[in-house]
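1. A predicted structure for the sequence below; I have some questions about it.
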Amino acid sequence: MSRTLLVRICSAVPFLLIAWIGYTQGQTKQPPELTLNKVKEDLYEIEGDGGNVAVYVTSEGVILVDDKFEQDYEGILAKVKSVTSQPIKYILSTHHHSDHSGGNTRFASTAEIISTANARANIVEHKQSNAQANMVPARIVFTQETAVFLGGKEVRARYFGRGHTNGDAIIYFPALRTLHTGDLMAGKTPLIDYPGGGSVVEWTKTLDEAMKLDFDTVIPGHGP
């Protein structure tokens, strides 16, 4: 990224931090309607009420990326069941925020949840001050890279460095050349959570490394 762009990003940081806090604190307890969009063959995206969820269907079960708020559990199940009868086996978390990992409270008894070590620590240490009190961290963590193999399909999770938080994972579907970026990409401007270890300077470097992957489609953290 150019030095001029970096200066512009840095000047916008105070506003973006305030906007991010307002966004996370402004979430309602009643979940709005969720929508399901097909991204590629056997890969879907659930939008609405917080972070975007990726749904990867295999012959042996379903792999999710993120699970929104706790209140979205039934809605997510309904959307998954509309495309497959397979159970949800794994959930790869992009980071610790409750609109991406809040559903862990309901899914942890039936699915294996995986995150970066820093994302788990951030939940354990209650780094998001306005998160629900009963947040459940992942049982399995990684520091640099891990992968899930299910039904002949592969999903990779990589930690490239600090950005939105200090524990952001990029989720990569190699056969589909698709990335789920979590909130490392969540609109036209960076969302930086400084209490959660985020860094606008490192964010540019982290994205530069992630962009070296072979992909043609991106599922961002929020929005279409």
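-> Yep, it's here.
2. What ranges does this structure have for its helices?
-> Applying DSSP state H to the chain gives helices spanning 3-11, 13-25, 73-81, 98-101, 104-107, 117-124, 200-210.
3. Pull up the gap between residue 148 and residue 208, please.
-> Distance, residue 148 to residue 208, by CB to CB, to the nearest Å: 26 Å. From N, CA and C alone the C-beta is placed, and that goes for glycine too.
4. Ok, residue 215 next?
-> Using CB to CB, residue 215 is found at 14 Å from residue 208.
5. Count residues in the vicinity of residue 121, would you?
-> Residue 121: 17 surrounding residues under other CB atoms under 10 Å.
6. So it is in contact with residue 167, correct?
-> Yes - applying CB atoms under 8 Å, one finds residue 121 in contact with residue 167, separated by 7.4 Å.
7. mind listing what residue 212 touches?
-> If you count contacts by CB atoms under 8 Å, 6 or more residues apart in numbering, residue 212 has none.
8. sorry, back to before: what about residue 148 and residue 208, which has more around it?
-> residue 148 (21 against 12).
9. Who is that one paired with across the strands?
-> Residues in a beta bridge with residue 148, per DSSP bridges, are residue 155.
10. mind listing what it touches?
-> Counting by CB under 8 Å, 6+ apart, residue 148 touches 63, 90, 92, 114, 154, 155, 157.
11. among the residues you listed, which ones are buried?
-> When the contacts of residue 148 are checked for burial by 16 or more other CB atoms under 10 Å, the buried set is 63, 90, 92, 114, 155, 157.
12. pLDDT and distance to residue 140 for the residues you listed - can I get that in JSON lines?
-> Output for these, formatted as JSON lines (pLDDT from 0 to 100; distance: CB to CB, whole Å):
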{"residue": "63", "pLDDT": "99", "distance to residue 140": "13"}
{"residue": "90", "pLDDT": "98", "distance to residue 140": "9"}
{"residue": "92", "pLDDT": "98", "distance to residue 140": "10"}
{"residue": "114", "pLDDT": "98", "distance to residue 140": "5"}
{"residue": "155", "pLDDT": "98", "distance to residue 140": "14"}
{"residue": "157", "pLDDT": "98", "distance to residue 140": "11"}
